[in-house]
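**Q** below: sequence and its predicted model.
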Amino acid sequence: MKHTIAVIVENKSGVLTRIAGLFSRRSFNIESLSVGATDNPDYSRMTITVQGDRDVLEQVIKQLSKLINVIRVSELDAGESVERELAIIKVSADKENRSEIMQIVNIFRAKIIDVSQRSMIIEVTGDEEKIDAIIQLLRQFGIKELARTGKVSMVRGARVIKA
Amino acid sequence: MSKMTGAQAVLESLKREGVDVVFGLPGGVLLPLYDAIYQSDIRHILVRHEQGAAHMADGYARATGKVGVCIATSGPGATNLVTGIANAYMDSVPMVAITGQVNTWLIGKDAFQEADITGITLPITKHNYLLRSAKDISRVFREAFFIARTGRPGPVLIDLPRDVTVDEVEFSWPEVDLPGYHPSVRPHEMQIKKAARALMEAERPVIYVGGGVKYASAHKELFDLATKVNAPVTTTLMGIGCFPEDHALSLGMLGMHGTKYANYAVQESDLIVAIGARFDDRVTGKIASFAPRARIVHIDVDPAEVGKNVRVDVPVVGDARSALLGLLKEVGPKPKGPWNEKIDGWKKDYPLRYIPDMNIIKPQYVIEKLCELAPEAIITTEVGQHQMWAAQFFVHRDPTKFISSGGLGTMGYGFPAAIGAKTGRPECDVIDVAGDGSFLMNSQEMATAVVNDIPVKVAIFNNGCLGMVRQWQELFFEKRYSATILGRTSPDFVKLAEAYGAVGLRATKPSEVEPVIRAALAVDRPVIMDFIVSPAEKVSPMVPAGATLSEILELEWCDEEQLCHLEKIYAEGRREVLGQEGF
């Protein structure tokens, strides 16, 4: 089972290592991890997707909370939060199939951010399934390169997770 | 406050934290710090190997309750501390380790004697710091001591680059402000009420006590609670001494080499009240069949321990002392009942025992004699058979007087730990119970003991082998003694003592044991007692790894059938949990 947690940490060097080290030492499986500064530059926010049952999730949260540089750990319920990933995809494209690719891009409300003689770069955001779906469709044209962020997530409505 | 160098700021910080003794060994990058130590009134104990410094700081901390401090230089000095830090981490010992580091501009350049010690110690410290500026020294030291001694205690490492100790700084002493650190202390009242109710309702309760009670200095409250409700108490290796073992309610130690009656009581219980203990595999045996009919109350200061290894019915997160005080208020007195009678019966039927011998020294006999002649001594141990005998046959009454490497199981721990303990409590006799294998792992510290006039006593249980592993080979590997027979390859320990300027004594037969112990206790110098003990002796009783606690066997009284059964359990266990619980 997959769980998403938001972790507010002190924005200091070495904090990512502490968290990654904790996951490997305790044999927790990180599915994806993304990190960036928050509105307050003293803190960063990580969104971590972990694989495991409730007991594993509970241990992950408790062990993370023990780290001195971790300010807050919250589980994000998938049903109550919005989740986004971003991918940029370089696909083979020539004048024969360019319009077909553009149609797919439009359907997914993705963007073309670079075009050359033989390729295009497509930018797409959405939840994991959407990104998987467009990648699947673009594969027929030949994906030359793919870069994908981890998931970022936020609870809908009034609830706020910050330091 | 006046300007000072970073090194002086370190010393000032240590002074403000109440540190009066540090254990260390200098090196190139530490020259400025050691120059400041030279000019300060802090007591510096020069060790002969940095591992010794870490264990001494650890032993000092366990004996005094204060934060132990060790110092090592960059690179190899720092890496030599690693075992000692890991040991302190596993046993939750408050410690601050200070390591030298190369100049900040050389970090990452593979400079001479550079090691990434903060990276290396990441998983074995409660927290660690790499200082980059002298202005951070006082804040970081204050935080480090605070983190080390609060909540669940543990080691904190501070890596100190050379230039940081040279730079000038205006000294200040800022309050600790750690937004991500909330060592929870006060347990939730509702949970205390639930735990109290469970205890009152239970017909067959067992209180299971670990090192958390020792660190919270909660042994008096534990005594009051146990005697108020007449609940039997068993301790882990780390909890030894938290409850007086000569008391009627004491079950002694539980687990792999615990007493039969402790293990029977746990398995038969309808309520386990775990206090400051973590359900380690050596304690629970096969986890799936651990205390099958018991509800579990788990009191621990570290929320991550609650529910980590076993399912818990009443979690109580908080300091053991506050929790026990809370429980004491909630529970009414409870008379002794059939459960106490049953336990008394087990205690009578299955006492800890061994087969005495008139001609050859039995190790258990030496422990009994030590206990008789030095009942108030601080006992430290190395790791192995002698450690278990010291746990079993010494009658422990004081949690600060049994100092042993539990979680990590570090051979070579006991002797430097004894030096640390004696440094902190010079008025106590301190005896390291050692094996001929373990002692050699840090025997160089005899120089430290002699030079610094720290009169610790070492009792070597010399059986000519790495006894605990040999015991397993005998039982489970058809007596193929692979690499466990030391025979005559060990040095003459009497001569070794004398070579260091210490006193060496030897006992080769039972009648010599008492005179040797008396002579050792009478002299105010470091002493090695070399007891030539029975090489065949096994630690008993025993629960093989992977077996249920009630499958405990007395090895010396086993018949062939029971031994076969033991082997079968072990083989099954190994298949089931290969790589997890196998020895």
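**A** Received the coordinates, thanks.
**Q** can you tell me the SS state at the residue in chain A that chain B sits nearest to?
**A** Residue of chain A nearest chain B, by CB to the nearest CB: A:Lys62 (3.8 Å). The way it works is simple: take the backbone N, C-alpha and C, and place the C-beta from them, glycine included. Following DSSP: H, G, I helix; E, B strand; the rest coil, A:Lys62 is assigned to helix.
**Q** give me the neighbour count for the nearest residue to it once chain neighbours are set aside.
**A** Among residues not flanking A:Lys62 along the chain, B:Ala304 sits closest, at 3.8 Å (CB to CB, 6 or more residues apart in numbering or on different chains). Here the number of neighbours of B:Ala304 (other CB atoms under 10 Å in any protein chain shown) works out to 20.
**Q** quick check: domain ranges of chain A?
**A** With domains defined by automatic domain parsing, chain A comprises A:2-76, A:82-152.
**Q** a markdown table please, covering those domains and showing mean neighbour count, distance to B:Phe439 and mean pLDDT.
**A** A markdown table is the format used below for the domains of chain A (neighbours: other CB atoms under 10 Å in any protein chain shown; distance: least, CB to CB, whole Å; pLDDT from 0 to 100):
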| stretch | mean neighbour count | distance to B:Phe439 | mean pLDDT |
| --- | --- | --- | --- |
| domain A:2-76 | 17 | 32 | 94 |
| domain A:82-152 | 15 | 52 | 96 |
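**Q** those into JSON lines, with extra columns for distance to B:Ala226?
**A** As requested, those are exported to JSON lines (distance: least, CB to CB, whole Å):
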{"stretch": "domain A:2-76", "distance to B:Ala226": "29"}
{"stretch": "domain A:82-152", "distance to B:Ala226": "51"}
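**Q** looking at those domains, which is nearest to B:Gly276?
**A** Each of the domains of chain A has some distance to B:Gly276 by CB to CB; the shortest is domain A:2-76, at 16.4 Å.
**Q** isn't B:Ile192 up against B:Val331?
**A** No. The criterion here is CB atoms under 8 Å, and B:Ile192 misses it with B:Val331 at 10.0 Å.
**Q** roughly how far is whichever strand or helix holds B:Ala323 from the heart of the chain?
**A** For B:Ala323, the enclosing helix or strand under DSSP states H and E is helix B:320-330. Centroid separation for helix B:320-330 versus its chain: 25 Å, with CA atoms, centre = their mean, to the nearest Å.
**Q** more neighbours, B:Ile192 and B:Val331?
**A** Neighbours were counted for B:Ile192 and for B:Val331 using other CB under 10 Å; B:Ile192 has more, 25 against 17.
**Q** now the more buried one, nearest residue through space, not along the chain?
**A** B:Gly326 (4.0 Å).
**Q** do the same with B:Leu475
**A** Take B:Leu475 and drop its neighbours on the chain: the residue closest to it by CB to CB, 6+ apart is B:Leu566, 6.5 Å away.
**Q** how many residues are close by the one you found?
**A** With other CB under 10 Å as criterion, B:Leu566 counts 20.
**Q** any idea how far chain A is from B:Phe461?
**A** Distance of B:Phe461 to chain A, computed by CB to the nearest CB, to the nearest Å: 35 Å.
**Q** tell me the contacts of the closest residue to chain A within chain B?
**A** Proximity of chain B to chain A (CB to the nearest CB) peaks at B:Ala304, 3.8 Å away. By CB atoms under 8 Å, 6 or more residues apart in numbering or on different chains, the residues touching B:Ala304 are A:59, A:62-63, A:65-66.
**Q** ok, the residue nearest to B:Ile192 - contacts?
**A** Contacts of B:Gly326 were listed using CB under 8 Å, 6+ apart, and they are B:187, B:189, B:192, B:196.
**Q** quick one: neighbours of the residue lying closest to the last one once chain neighbours are set aside, just the number.
**A** Put plainly, it is B:Ala196. Nearest non-adjacent residue to B:Ala196, counting by CB to CB, 6+ apart: B:Glu330, 3.4 Å away. Applying other CB under 10 Å, we find 15 residues neighbouring B:Glu330.
**Q** touching, B:Glu330 and B:Ile192? I think so.
**A** Yes. Using CB under 8 Å, B:Glu330 makes contact with B:Ile192 at a distance of 6.2 Å.
**Q** backbone dihedrals for the nearest residue to B:Leu237 once chain neighbours are set aside, both of them.
**A** In space, and not counting its chain neighbours, B:Leu237 is closest to B:Gly406: 4.6 Å by CB to CB, 6+ apart. Phi and psi for B:Gly406, reported as degrees, to the nearest 10, are phi -90, psi -70.
**Q** tell me the pLDDT of B:Phe493.
**A** Reported pLDDT at B:Phe493 in the predicted model: 97.
**Q** that one: how many residues sit nearby?
**A** 24.
**Q** who touches it in this structure?
**A** B:436, B:439, B:460, B:462, B:504, B:506, B:528, B:530.
**Q** are any of the residues you listed buried, and which?
**A** B:436, B:439, B:460, B:462, B:504, B:506, B:528, B:530 (16 or more other CB atoms under 10 Å in any protein chain shown).
**Q** from the residues you listed, which ones fall inside strands?
**A** In strands, defined here by DSSP state E, the members of those are B:460, B:462, B:504, B:506, B:528, B:530.
**Q** my read is that the fourth one contacts B:Val494, right?
**A** So that's B:Arg506. Yes. At 5.2 Å, B:Arg506 counts as touching B:Val494 under the criterion of CB under 8 Å.
**Q** joint contacts of the two?
**A** In contact with both B:Arg506 and B:Val494: B:Asp530, using CB under 8 Å, 6+ apart.
**Q** can you put the buried ones among the contacts of B:Phe493 in JSON lines and add distance to B:Asn103 and pLDDT?
**A** Converted to JSON lines, the buried ones among the contacts of B:Phe493 look like this (distance: CB to CB, whole Å; pLDDT from 0 to 100):
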{"residue": "B:Asp436", "distance to B:Asn103": "44", "pLDDT": "96"}
{"residue": "B:Phe439", "distance to B:Asn103": "39", "pLDDT": "97"}
{"residue": "B:Ile460", "distance to B:Asn103": "44", "pLDDT": "98"}
{"residue": "B:Asn462", "distance to B:Asn103": "48", "pLDDT": "96"}
{"residue": "B:Gly504", "distance to B:Asn103": "46", "pLDDT": "98"}
{"residue": "B:Arg506", "distance to B:Asn103": "51", "pLDDT": "97"}
{"residue": "B:Ile528", "distance to B:Asn103": "43", "pLDDT": "98"}
{"residue": "B:Asp530", "distance to B:Asn103": "48", "pLDDT": "97"}
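**Q** closest to B:Tyr129 out of those residues?
**A** Closest to B:Tyr129, out of all of the buried ones among the contacts of B:Phe493 and judged by CB to CB, is B:Phe439, at 34.5 Å.
**Q** setting aside sequence neighbours, what's the nearest residue to the closest one?
**A** Once flanking residues are discounted, B:Phe439 sits nearest to B:Ile460: 5.5 Å by CB to CB, 6+ apart.
**Q** beta partners for the one you found?
**A** B:Ala434, B:Asp530 (DSSP bridges).
**Q** likewise A:Ser34?
**A** A:Ser34 has the following beta-bridge partners by DSSP bridges: A:Thr47.
**Q** now do the contacts for it.
**A** A:46-47, A:149-152.
**Q** cool, A:Phe28 as well?
**A** A:22, A:50, A:52, A:56, A:59-60, A:63.
**Q** look up how far A:Leu22 lies from it.
**A** The gap separating A:Phe28 from A:Leu22 is 8 Å, by CB to CB, to the nearest Å.
**Q** list residues touching both of the two?
**A** Joint contacts of A:Phe28 and A:Leu22 (CB under 8 Å, 6+ apart) are A:Gln63.
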